[in-house]
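Novice: sharing a model that was predicted from the sequence below.
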Amino acid sequence: MVRYRKYSDLQNESPQKLKKKKKKQLNKQIEHPMTESSGFDVSDLVIVGVVTIATGLFLWFRSSGAKVDSKKGTSVPASRDETSHAREGTASGRLSKKTITSTLATLQTEHKLLLFYGSQTGTAEDLATRTANEVYANFGIESAVCDLEDFEMGDLLTYSANQDADSKVVIGFFLATYGEGEPTDNAADFYEWFLDGRGKGDDDDIEDIGDEMALEKQGEGIHYIMFGLGNKTYEHYNSMGRRVARRLDSIGAKRVGTLGEGDDDGSMEDDFLAWKPKVLEALSAFYGVKDMGGKANRGIAHVPLFNISFESTLADKGVFHGELSGDHKPRRFKDGPGGEDKRKYVEVSAKKRILYDAKNPLFSRIVSSRNLFSETFDETKISPTDIVPTPSPKYYTPSAQSVKIQRHCIHMEFDLSNTGLRYESGDHVGIYGTNSVAHVNALAEVLGLTDEQLDGVVKLKANAANRLSAMAKMPFPNPCTVRTALTHYLAISAPVKQHQLELIAKYTSDVAEKEAIYALVDDRALYVEKVEASQKNLAEILRDFPNVKLPLQVILGELLGPIVVRYYSISSSSKKEPQTVSITAVAVRYVLPQKSLLNSSAPSRISYKEGLVTSYINRLHEGNSGLPESPELGADSAYPRPDLSTHVPIFIRTSSFRLPRDPAAPIIMIGPGTGVAPFRAFLHERVHVAVSGPKKPVGTTLLFYGCRHPDQDHLYKEEISTLLNTVEGLRNSSDEAEKAKAFDLRVMNAFSRVPGQQKVYVQDIVSKMGKEVYDILDKQRGYLYVCGDAKNMAADVNTLLHKLSSEWGGKSEEEAKKWVKTLKTTGKYHEDVW
């Protein structure tokens, strides 16, 4: 009998470590796909010895107060401070885990609902919160919305024994699928424990784990609901929700209602709204309660989730200034080496080592940046009756019939020296954006906030009068100024969601406005047409409804969501440039016509839109226009934050999108547009390895690249040409040793918008070279890498591979499917798509 691992066994392993372990296991399979274990030999003894030594080093390292970078196993130095920042709960500063039993005890109603979320961007958390609110509004049953990362989930198997006989409990799961069938970071511990290490990628064999949990049906006391979040353009669509549901069923748990699935490629919101009434009906039957109807609560005044206070006497050392902090305490910085032009801010901390990650990003200095596009524009047609606001923002040129929008693609490099952060070519950089001064001022104007109010320090505290206050999650780091919250922490340009309009309606006394808002709440098609399609943000909604008077704590604590990290493929080579990391980002800009929500006969008004992080990156490149002012040195000779015009909050996220360990292995790369980013890194790395003199020549290296026009948006054109010339120089060298370093490096370009020429895409040139592509992947056991658009380009490449295997390999349809799947399962076919 196989015993299942206790959940507590995983508590000292971060999600990043678990993901690293998974990748190591996968790499072993890739490197030795035909090797099987056949007993205990000398190599086993070596492994045991290495593990023993490593364990001893880890224990010593931990006792010395050092922290290990879970991404790369590196520690980060920091300056010392007199004050300890350890949080209550454990000696190391890590909060102790909550339990299901103790959380249920905080809920006051007879029947209860616990909703757990696994979320990478906040969507799963949002849907769980909305479900909790609906259940209370309709049934009067209290709920708790819980982060899986905060809980000792082993209690899942035993909590039912501690409940009253008359009390009915439902456990809900809202689980997003991330990457290639992986759990989100905050769900990784739970998933690893609950599925006993199964269910990774193509591993779908989870029903016959055969451990005590399943054999003894230890989940018979569990009743659950499930909503999975995924994207159908990815192969392992909604695998997290499906696999956890199947595992729950296999251990004896009972599902309440249907399994919900949301598709982000279509409409996650529509899928959720289609599932919600079904699950509410099932919950009504399970609890044995009648639906009181959520609309009955519209006449009840809203009780804010948070109270807000202005803190005029608070010392600056207790105030956040735009930084994120893993221990929920403000961070401070001092001048480091480098001088004014290359000032390196050294973090003041009591910790001997600092771990830089998503919760505690590094403020990295910008080394350099450049625009990769020539003069190139998009043009959007508008109606002659559309109202075009003037003056128009930079990069937008309106006329009577259209708006011309300039395109930029920024290559930006960040300094990693003396930080302990490391990366591998193919990894990702996470970046937190900042709202522009213009957007902050626009929202402040419609809210009637003065400069004095914007610069006032505020503190939020859960409002005990609100039934959800016990489980309220602080929406952003505070105390901080209102301006800081609107600039660094809250997504003020995000479209207002349909369910949020219900709350907004409570704060207008105007009957016409209230009716118009509730019409949008009750009619999904009307909301999509009037709000979602035109992406109306809070400022734009409030302009349409001038009599809405929202309390500041409702705006900051309930209506505006957090700024979500964006990930970018690293475009630098870790072997060639280990101390710098670069990204390649196209500035997202577009315009949308917006209709008045009160006067449908009024002409549309053009709204200028931009991507939050890419516009931030572009502002940094252009000379910091629209960025907050530099920090002033505090009374304690410490900066509240680094200079945000030169330093950007970043961290490294590991990826399995890696070059083969053997540089002699042939590779094929397909990456149009900014999909070329990781391949710039791969090309530099292969040429660097070749020039450095490998023991054997670098393998065939083919890049299929595509863009619109060779003279407008051809990324890294001169740079790649230089790499090609370098290899050609080796090939033509009179020195035999140098000549031996040459390898087969080719770049094939496709251009889709050259006047007078037929449109050509990367799929077309891959098809033309189909026999060679197939031979490299099949006969030479090469590696394929695809980066870019998931829905069209990557899907077309996948279809093309099936065709090539039939055309040049003589495979049947079923054999072709098996061949492509084998490429993926053996680590020969990698995708980095969006």
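Specialist: That came through, no problem.
Novice: burial check on the residue lying closest to residue 167 once chain neighbours are set aside, number of neighbours?
Specialist: In this structure, residue 167 finds its nearest non-sequential neighbour in residue 110, 5.6 Å apart by C-beta to C-beta, 6 or more residues apart in numbering. All C-beta spots, glycine's among them, are computed from the backbone N, C-alpha and C. Neighbour count for residue 110, taken as other C-beta atoms under 10 Å: 14.
Novice: what does the pLDDT read for residue 110?
Specialist: Residue 110 carries a pLDDT value of 93.
Novice: what's the separation between it and residue 178?
Specialist: Counting by C-beta to C-beta, to the nearest Å, the gap from residue 110 to residue 178 is 37 Å.
Novice: kindly report the same for residue 274.
Specialist: On the measure of C-beta to C-beta, residue 274 and residue 178 end up 23 Å apart.
Novice: of the two, which one has the most company?
Specialist: Taking neighbours as other C-beta under 10 Å, residue 274 and residue 178 compare with residue 178 leading, 23 against 15.
Novice: give the contact list for residue 317.
Specialist: By C-beta atoms under 8 Å, 6 or more residues apart in numbering, residue 317 lies in contact with 330, 332, 634, 636.
Novice: may I have the secondary structure class of the last one?
Specialist: Yep, that's residue 636 we're talking about. With DSSP: H, G, I helix; E, B strand; the rest coil as the basis, residue 636 sits in coil.
Novice: just give the nearest non-adjacent residue to it, would you?
Specialist: residue 317 (6.8 Å).
Novice: what do you get for the first one?
Specialist: Leaving aside its sequence neighbours, residue 330 sits nearest to residue 320 (C-beta to C-beta, 6+ apart; 5.1 Å).
Novice: again with residue 138
Specialist: Using C-beta to C-beta, 6+ apart and skipping residues adjacent in sequence, the residue nearest residue 138 is residue 291, 5.0 Å away.
Novice: doesn't the one you found belong to a strand?
Specialist: No: with three-state DSSP as the criterion, residue 291 is coil rather than part of a strand.
Novice: next one: phi and psi at residue 790?
Specialist: Note on residue 790: backbone dihedrals following degrees, to the nearest 10 are phi -80, psi -40.
Novice: surely it touches residue 797?
Specialist: No: using C-beta atoms under 8 Å, residue 790 is not in contact with residue 797; the gap is 10.4 Å.
Novice: that older thread, which pLDDT value goes with the residue nearest to residue 636?
Specialist: Note on residue 317: pLDDT of 90.
Novice: for residue 214, helix, strand, or coil?
Specialist: Applying three-state DSSP: residue 214 is helix.
Novice: that one is in contact with residue 251, isn't it?
Specialist: Yes: if you go by C-beta under 8 Å, residue 214 and residue 251 touch, sitting 5.1 Å apart.
Novice: number of nearby residues for the residue nearest to residue 330?
Specialist: 24.
Novice: name the SS class of the residue of the chain positioned farthest from its centre, please.
Specialist: If you look at how far each residue of the chain sits from its centre, by C-alpha atoms, centre = their mean, the farthest one is residue 734, at 50.4 Å. What three-state DSSP gives for residue 734 is coil.
Novice: is it true that the residue nearest to residue 138 touches residue 282?
Specialist: No: using C-beta under 8 Å, residue 291 is not in contact with residue 282; the gap is 11.5 Å.
Novice: low-confidence ranges, the stretch 51-200 of the chain, go.
Specialist: The stretch 51-200 of the chain contains residues with pLDDT under 70 at 51-95, 199-200.
Novice: try 50
Specialist: The stretch 51-200 of the chain contains residues with pLDDT under 50 at 51-52, 55, 57-94.
Novice: for the chain, same thing?
Specialist: Checking the chain against pLDDT under 50 turns up 1-6, 8-48, 50-52, 55, 57-94.
Novice: what is the burial count for residue 288?
Specialist: Residues near residue 288, counting by other C-beta under 10 Å, number 8.
Novice: got it, and the one 10 residues further on?
Specialist: Residue 298 has 14 neighbouring residues, counting by other C-beta under 10 Å.
Novice: can you check residue 694 too?
Specialist: As a burial measure, residue 694 scores 16 neighbours (other C-beta under 10 Å).
Novice: about what we covered before: the residue nearest to residue 330 contacts residue 483, correct?
Specialist: No: judged on C-beta under 8 Å, residue 320 makes no contact with residue 483 at a distance of 11.9 Å.
Novice: what is in contact with the two at once?
Specialist: Listed as contacting both residue 320 and residue 483 by C-beta under 8 Å, 6+ apart is no residue at all.
Novice: which ones are touching residue 157?
Specialist: Going by C-beta under 8 Å, 6+ apart, residue 157 touches 213, 218-219, 222, 251.
Novice: go again with 6 Å.
Specialist: By C-beta atoms under 6 Å, 6 or more residues apart in numbering, the contact set of residue 157 is residue 218.
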